[in-house]
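Engineer: please work out how this folds:
(one chain, ligands or ions: 2)
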Amino acid sequence: MFQFFRYYNNTSFFLSLSLCLLFSLPSLFPARTLPGDFLPADLSPNATWNNFVNFIDAGKGANFSGMSELKKYFHRFGYLQIVPDNFTDLFDDNLEYAVQNYQKNLGLTVTGRLDAGTVTQIMAPRCGVSDARKTSSSDEIHVTKHYAYFYGQPRWRGSSHTTLTYAFSRDHTIDYLSPSDVKDAFRRSFSRWSSVIPVNFTESDTYSTADIKIGFYGGDHGDGEPFDGVLGVLAHAFSPENGRLHLDDAETWAVDFKSSKSKAAVDLESVATHEIGHILGLAHSSVKDAIMYPSLSPRTKKVDLKIDDVEGIQALYGSNPDFSYSSLMESDISSGWVIGRSIKWLTYLVLVIVGILL
Ligand SMILES: [Zn+2]
Ligand SMILES: [Zn+2]
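Structural biologist: Numbers count the residues shown, from 1 in each chain. Ligands and ions are numbered 1, 2, ... in the order given. Prediction:
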């Protein structure tokens, strides 16, 4: 009896500790900074998005001047399907649903309100590709998978070992980085993807016939996805087998932050790696550390593929025979993938203990 009592007490303690850990996990992460802290006001990155800071703490029923602009934002990125002409400044049911889906897709706490963390995320510089996506059919079972595909799950066809060519536009360039620096950044970006899937990339001098066409464009450049100046939308790319990869020429693109002092400098290689993921068929991921997460802060280098990216792209193309997961594990130790699996195993452990007790 004594033994049982003691065992029960120890187990209770562990059970309580486990549950406390489960529910206190969010507090283990650093608090999000407010937009003003991470986007210097003098940058004026995107006047419309900057105004969203006025909506912090707004929820359903609120009526704020300019809320219709936020609805346009959600419409643009795939969260509101109704006709933009009908947008009002009322925080209505549709907007609440959009906010909830946005929070879910971006890996935020789902509150349905415009809390500070959500508004910060909305204002962050990001990719122009919509967040509308086809998630894996097994998502509901394997909750730790967060990668996604475009509708129809398009990919490049061809033999099992494909070679895709890429070329840079001669007309749409930037003059403050050397062509070799730009090419080197892209070569490294392509090589990260080719190291995990059986697809090779080779540079071509013939832009018109290359599979992947890369260029720097400003404003409305004829593909229905106009760029918006400094920060805001940084770049976009099209799903397979379109091949167009466009970078906003209004950004201060950098290959080395030591020589590029601008507070608004954006790392070219990080954005290139992300956009190549779209070119290959990946949509946006809700794993914050993944390359396919939609936003990237200025002066941030984020170039390593995470397990979520690798699982997503290998499900489309298969694995490169030389690829090994062990090389990824170290860099991915703090990622949501590992945390997600830890939570899952901790939950199993708690359930097993409860089962033993009963
Ligand atoms: Zn993107
Ligand atoms: Zn474009």
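
Engineer: just give the number of residues close to the residue of the stretch 51-200 of the chain found nearest ligand 1.
Structural biologist: Using Cβ to the ion, the closest approach of the stretch 51-200 of the chain to ligand 1 is made by Cys127 at 2.8 Å. Heads up, the C-betas are built off the backbone N, CA and C, glycines and all. The local packing count at Cys127 equals 23, with neighbours defined by other Cβ atoms under 10 Å.

Engineer: same deal with Gly66?
Structural biologist: By the measure other Cβ under 10 Å, the count of residues near Gly66 is 12.

Engineer: what about the nearest residue to it once chain neighbours are set aside, is that helix, strand or coil?
Structural biologist: The spatially closest residue to Gly66, leaving aside those adjacent along the chain, is Asn51, at 5.5 Å (Cβ to Cβ, 6 or more residues apart in numbering). Three-state call for Asn51 (DSSP: H, G, I helix; E, B strand; the rest coil): helix.

Engineer: check what pLDDT Asn51 gets.
Structural biologist: Per-residue pLDDT puts Asn51 at 90.

Engineer: surely it is in contact with Glu69?
Structural biologist: Yes - here Asn51 reaches Glu69: they are 6.9 Å apart, a contact under Cβ atoms under 8 Å.

Engineer: in the helix or strand where Val182 lies, what counts as buried?
Structural biologist: Per DSSP states H and E, Val182 falls inside helix 179-194. Applying a neighbour-count criterion of 16 or more other Cβ atoms under 10 Å, the buried positions in helix 179-194 are Asp181, Val182, Ala185, Phe186, Arg187, Ser189, Phe190, Arg192, Trp193, Ser194.

Engineer: just want the angle from the helix or strand containing Thr165 to helix 179-194.
Structural biologist: With secondary structure defined by DSSP H and E, Thr165 is part of strand 162-168. For strand 162-168 against helix 179-194, the angle by axes from the mean of the first three to the mean of the last three Cα atoms, to 10 degrees is 160 degrees.

Engineer: and the contacts of strand 162-168?
Structural biologist: Strand 162-168 is contacted from outside by 156, 179, 182-183, 186, 190, 198-207, 209-215, 317, using Cβ atoms under 8 Å, 6 or more residues apart in numbering.

Engineer: in that strand, what's buried?
Structural biologist: Thr162, Leu164, Thr165, Tyr166, Ala167, Phe168.

Engineer: let's have the residues you listed in a markdown table, adding distance to ligand 1 and pLDDT.
Structural biologist: Converted to a markdown table, the buried residues of strand 162-168 look like this (distance: Cβ to the ion, whole Å; pLDDT from 0 to 100):
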| residue | distance to ligand 1 | pLDDT |
| --- | --- | --- |
| Thr162 | 22 | 89 |
| Leu164 | 19 | 97 |
| Thr165 | 22 | 97 |
| Tyr166 | 18 | 98 |
| Ala167 | 21 | 98 |
| Phe168 | 20 | 98 |
